[in-house]
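Peer 1: all I have is the shape, not the residue letters:
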């Protein structure tokens, strides 16, 4: 009870003041929604909409040049607002140079783990950036991009259609976790059902015995 109260107090203090963030991260382990609230209030973004999720391992080098729309999900990616080579070139050749750009991520966009977003691009709306992609140019609305450099590899409507068909065939297709707007966690019964489906009957019990 006391530990829970202290965590809530620490979370409220971090959100209000932007201080003790290291302690907050270590003790409270905020999820993407909670960390997005910190980023929105204290990171200095140009703008950020509602319903965003930002994991703690997301790196934003130049937040003043970044605008996020509504329902943007960032997972372990890096957003660059400048070209770091410019500083070296200026010193090496005595030149006056600059290379910066805005990153404009529109509504309903997911950016996967270890993706890199370079300056000067617009993403979406309604788009997905695959894990590990390097985005060097605009991502069209409704598209999925992947690769280095990133290119269009599919569309969001096609992905939704495939996922709906796959989900309908799953043994747990009617679990509340599948429903739009469900805010609860994945539960132990669902995890067991998935393990049995992936690895065969008895696999969940075997895994629990080893643990």
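Peer 2: Nice, thanks for sending it over. This one's a predicted model, so the numbers in the text were calculated from it and none came from an experiment.
Peer 1: please count neighbours and contacts with C-alpha atoms only from this point.
Peer 2: Will do.
Peer 1: where do the domain boundaries of this structure fall?
Peer 2: Domain ranges of the chain: 1-30, 31-169, 175-211, per automatic domain parsing.
Peer 1: in the first one, what counts as buried?
Peer 2: So the one you mean is domain 1-30. Neighbour counts over domain 1-30 (16 or more other Cα atoms under 10 Å) mark 7, 10-11, 14-15, 18, 21, 24-25, 28, 30 as buried.
Peer 1: can you give me the end-to-end span of that domain?
Peer 2: 19 Å (Cα to Cα, to the nearest Å).
Peer 1: same question for the second one.
Peer 2: Domain 31-169 has an end-to-end distance of 30 Å (criterion: Cα to Cα).
Peer 1: going forward can the numbers begin at 25, since that is how I track them
Peer 2: Yep, numbering from 25; the last one is domain 55-193 now.
Peer 1: for it, what is the average pLDDT?
Peer 2: The average pLDDT for domain 55-193 rounds to 96.
Peer 1: how far away from the center of its chain is it?
Peer 2: 9 Å (Cα atoms, centre = their mean, to the nearest Å).
Peer 1: same check, this time on the first one
Peer 2: Taking the mean C-alpha point of domain 25-54 and that of its whole chain, the gap between them comes to 21 Å (Cα atoms, centre = their mean).
Peer 1: ok, now the last one?
Peer 2: Relative to the centre of its chain, domain 199-235 is centred 23 Å away, using Cα atoms, centre = their mean.
Peer 1: so residue 42 makes contact with residue 66?
Peer 2: Yes. With contact defined as Cα atoms under 8 Å, residue 42 reaches residue 66; the gap is 5.9 Å.
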